[in-house]
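**Q** coords please:
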Amino acid sequence: MIARAFMACVLGASACTQAAGSGLHGAMFCLPPRSLAVVSEYFREHPGALMRAARSLARSRPVQESLVFTLTGARGEERQAGLLRLDPRSPDGVVLRLDLGDLSVSVREIDGPSGEPRTELVGVRGFDPGRYVKQEAAGEATLAVFQKLVPPVPVPVLALALGDDRDWDQLLPLGEPVEWIAAAPEGAMWRVLGVSTGGGAVATPISVWLDGGTLAVRRVESAWDSPRGELRVRVDAVPIPAMPTKNWVVDISGRVEVGRWTDLKAPPARIVEDGVFPGSLLNERDGRTWSAFEVQQGEPPERRYTLVVLYLPGGGVTGAADLVQAGVLARTALEGDFARRLSAGDVPAPVRLRVRPAPCFSSEVFTAEALADETARWRGEAGADPILFSLAPDATLHAAAPGANVVGVLLGADMRVLGVYAPAGDHDGVIDAIASRIRRNAWPGWSP
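**A** Take a look at the predicted model:
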């Protein structure tokens, strides 16, 4: 009876919650101190009741928090930060503001032409400074309506505050119903353990950490097997200072309205001479992000150069081989220049040119086997340095040569682009262009 009274208090059926505030501590004070042990035992035995209590409280108060999404898998650990502001009972109808990476959205409830409830979304992406998305859906701002309007985002409190018992799997993208099987205090929090099986033989675990005082979600974590090994997802949430809901609306001044997310497009990002190359989009064979400084450290920056030959596996291989050989022969020419200057009594600064093939894979076709094939392809190529690879051909290869399947980009150690070269019938001309550009940069005023 005491446990039921406590649950009624938490779920808002008692005036105790209103009198003591919306937090769990306020609800607990409705009970004699000796009854708290009974409550704790009740939650241990009924983990689903604890999650429903957390959901009820999430619906009854504003949530404003920072989010950190951590994905750990075969490529190591990747992180993304965001901000969430949610108020299902907002007095002015603005119920949500979400900022995640380059995505910013605000959601408000409005009246339709006949007074029916509708949900309106306004969203922008950082890569498109001139347009914004505006969409509407019938009904109030439930989880199902929100998911019709926004690209998929694993934000646990949305499933908690806007969903129902059928939406526990949306705390993270599990895709199958979740059964809550255990709950226990863990420090200042409650940890609730669930499983999602979908009728299969292997259960996918999910753990939720709830603040012991407010039942606010502080962390959600799960792991499952994928073709590339175990994938672990974790979302951490930390409260942030409150902002009035009237300030949540996304600023669209100076932008043109479009109706679909796919209508937002990045302006063509070009890789041009004297620009900066997006080196973070290239990886070493082991998956580490490439750095021209790291791989050539120990030499002054003005003496270090890399010819990166970007190509599409398949159609770009022949042209890539031509550019790699051009780079190797340009390096030989520079070595000859250096030797001649030394024999003439000059002491020039030595230069170092690396020639690195870089296959560019789309994420749909990239596999470890495909990378191994490209690695083997260049292992016997005389003079070629170890390969790099990219999973962003549009931002690397096609940004330097739109529509092409191969291009060479000459870089200084500071990632400044010194030249962009296409394979050409005049092979000697390409060799001379690469060597001449390095001569001008490393040995100003000197020519062979």
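**Q** which stretches of the stretch 51-200 of the chain form helices?
**A** For the stretch 51-200 of the chain, the helices defined by DSSP state H, counting those that start in this stretch occupy 143-149, 156-162.
**Q** just those: most buried one?
**A** The highest average neighbour count among the helices of the stretch 51-200 of the chain, using mean count of other C-beta atoms under 10 Å, belongs to helix 156-162 at a mean of 25. C-beta coordinates here come from the backbone N, C-alpha and C atoms, glycine included.
**Q** CA atoms only: put that helix into CSV for me.
**A** Extracted as CSV, the C-alpha positions of helix 156-162 are listed here (Å, rounded to 0.1, in the frame of the first residue of the first chain):
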residue,chain,number,x,y,z
PRO,A,156,16.8,9.2,-25.0
VAL,A,157,14.7,11.8,-23.2
LEU,A,158,12.6,12.3,-26.3
ALA,A,159,11.5,8.6,-26.1
LEU,A,160,10.9,9.1,-22.4
ALA,A,161,8.9,12.3,-22.5
LEU,A,162,7.1,12.0,-25.9
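**Q** packing partners for it?
**A** Using 3 or more C-beta pairs under 8 Å, 6 or more residues apart in numbering; DSSP states H and E as the contact test, the elements touching helix 156-162 are helix 47-60, strand 63-73, strand 76-86, helix 143-149, strand 217-226, strand 229-239.
**Q** okay, and the helix or strand of this protein with the least pLDDT?
**A** Within the chain, no helix or strand scores below helix 15-20, which has a mean of 33 by mean pLDDT, DSSP states H and E.
**Q** Redo the helices of the stretch 51-200 of the chain as JSON lines? Include distance to residue 331 and mean pLDDT.
**A** What follows is the helices of the stretch 51-200 of the chain, written out as JSON lines (distance: least, C-beta to C-beta, whole Å; pLDDT from 0 to 100):
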{"stretch": "helix 143-149", "distance to residue 331": "54", "mean pLDDT": "83"}
{"stretch": "helix 156-162", "distance to residue 331": "54", "mean pLDDT": "83"}
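**Q** Go through those helices and name the closest to residue 255.
**A** Comparing the helices of the stretch 51-200 of the chain against residue 255 with C-beta to C-beta, the closest turns out to be helix 143-149 (17.7 Å).
**Q** from the middle of its chain, how far away would the closest one be?
**A** Here helix 143-149 is found 21 Å from its chain centre; the criterion is C-alpha atoms, centre = their mean, to the nearest Å.
**Q** now swap in stretch 316-333 and tell me
**A** How far stretch 316-333 lies from its chain's middle: 35 Å, per C-alpha atoms, centre = their mean.
**Q** Run a quick neighbour tally on residue 287.
**A** For residue 287, the count of nearby residues is 11 (other C-beta atoms under 10 Å).
**Q** ok, it - contacts?
**A** Taking C-beta atoms under 8 Å, 6 or more residues apart in numbering, we find residue 287 in contact with 74, 75, 76.
**Q** Mind doing that once more with 7 Å?
**A** Listed by C-beta atoms under 7 Å, 6 or more residues apart in numbering, the contact set of residue 287 reads 75, 76.
**Q** Per-residue pLDDT of it, please?
**A** In this model, residue 287 is scored at 80, pLDDT.
**Q** Repeat that for residue 213.
**A** Per-residue pLDDT puts residue 213 at 85.
**Q** Just to be sure, it is in a strand?
**A** No - counting by DSSP: H, G, I helix; E, B strand; the rest coil, residue 213 falls outside a strand, being coil.
**Q** ok, back up a step: rebuild the helices of the stretch 51-200 of the chain as a markdown table, extending it with distance to residue 188.
**A** Listed next are those as a markdown table, based on distance: least, C-beta to C-beta, whole Å:
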| stretch | distance to residue 188 |
| --- | --- |
| helix 143-149 | 28 |
| helix 156-162 | 19 |
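**Q** Would you mind saying which of these lies nearest residue 447?
**A** Nearest to residue 447, of all the helices of the stretch 51-200 of the chain, is helix 143-149, at 62.1 Å by C-beta to C-beta.
**Q** which other helices and strands contact that closest one?
**A** Judged by 3 or more C-beta pairs under 7 Å, 6 or more residues apart in numbering; DSSP states H and E, the packing partners of helix 143-149 are strand 131-138, helix 156-162.
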